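S.K.: Predicted model follows, preceded by the sequence.
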Amino acid sequence: MKISEISKIILALEETNKKFLILGPPGIGKTETVINIAKELANKYRKKFVEYRNDPEFISEVLAHPEQYFVLFRVPLTEMEPSDIGGIPIIEQPYYKVSLPAWLYMATRVQGIIFIDE
């Protein structure tokens with residue numbers, strides 16, 4: 001399948017709320033395709049497209065008005081520590097809770113795409 005055909009398939013899958021995986025060698029346009037799809041979906045839902053930034057002002061603004069935004073969360077796995085993805089454990093006997101990373105907390109409250117990249 002060509003990368004140019006992926007957009008149509010992903011947009012169709014979005015209607016079903018199914019997850020998808022794009023595999024391919026570096027440089028064929030996977031990231032660009034996902035960014036373009038996110039922009040297209042933001043337009044479809046009449047929301048402002050933004051890419052997640054780990055900036056307190058940005059986070060506060062988006063969480064204060066989640067209905068206005070469509071967020072692309074780019075998660076570069078090769079640059080992250082396990083706690084960047086799964087959160088930091090908070091011990092409370094006899095169990096523990098997890099403090100979610102800001103990006104993951106936001107992803108549960110705003111419409112968008114989580115793009116896990118190499």
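M.R.: Here it is on my side, so go on.

S.K.: Which strand residues bridge residue 49?
M.R.: Counting by DSSP bridges, residue 49 forms beta bridges with residue 70.

S.K.: What is the burial count for it?
M.R.: The number of residues packed near residue 49 is 17, by other C-beta atoms under 10 Å. C-beta here means a position set from N, CA and C on the backbone, and glycine is covered the same way.

S.K.: Then residue 34?
M.R.: 19.

S.K.: and what of the one 5 residues further on?
M.R.: Summarising burial for residue 39: neighbours were counted as other C-beta under 10 Å, giving 13.

S.K.: Might one say that it is in contact with residue 51?
M.R.: No: if you go by C-beta atoms under 8 Å, residue 39 and residue 51 don't touch, sitting 10.1 Å apart.

S.K.: Nearest residue to residue 20 in space, ignoring adjacent ones along the chain?
M.R.: residue 13 (5.4 Å; C-beta to C-beta, 6 or more residues apart in numbering).

S.K.: do residue 24 as well
M.R.: residue 30 (5.7 Å).

S.K.: can you give me the strands in the protein?
M.R.: With DSSP state E as the criterion, the chain has strands at 48-51, 69-76, 88-92, 95-99, 111-117.

S.K.: Now residue 34: closest residue in space, sequence neighbours ignored.
M.R.: Sequence neighbours aside, residue 115 is the residue nearest to residue 34 in space, at 4.9 Å (criterion: C-beta to C-beta, 6+ apart).

S.K.: What score does the one you found have for pLDDT?
M.R.: Note for residue 115: predicted pLDDT of 91.

S.K.: which ones are touching it?
M.R.: By C-beta atoms under 8 Å, 6 or more residues apart in numbering, the residues touching residue 115 are 31, 34, 38, 72-75.

S.K.: Any figure for the gap between residue 81 and residue 71?
M.R.: Plainly put, residue 81 is 22 Å away from residue 71 if you go by C-beta to C-beta, to the nearest Å.
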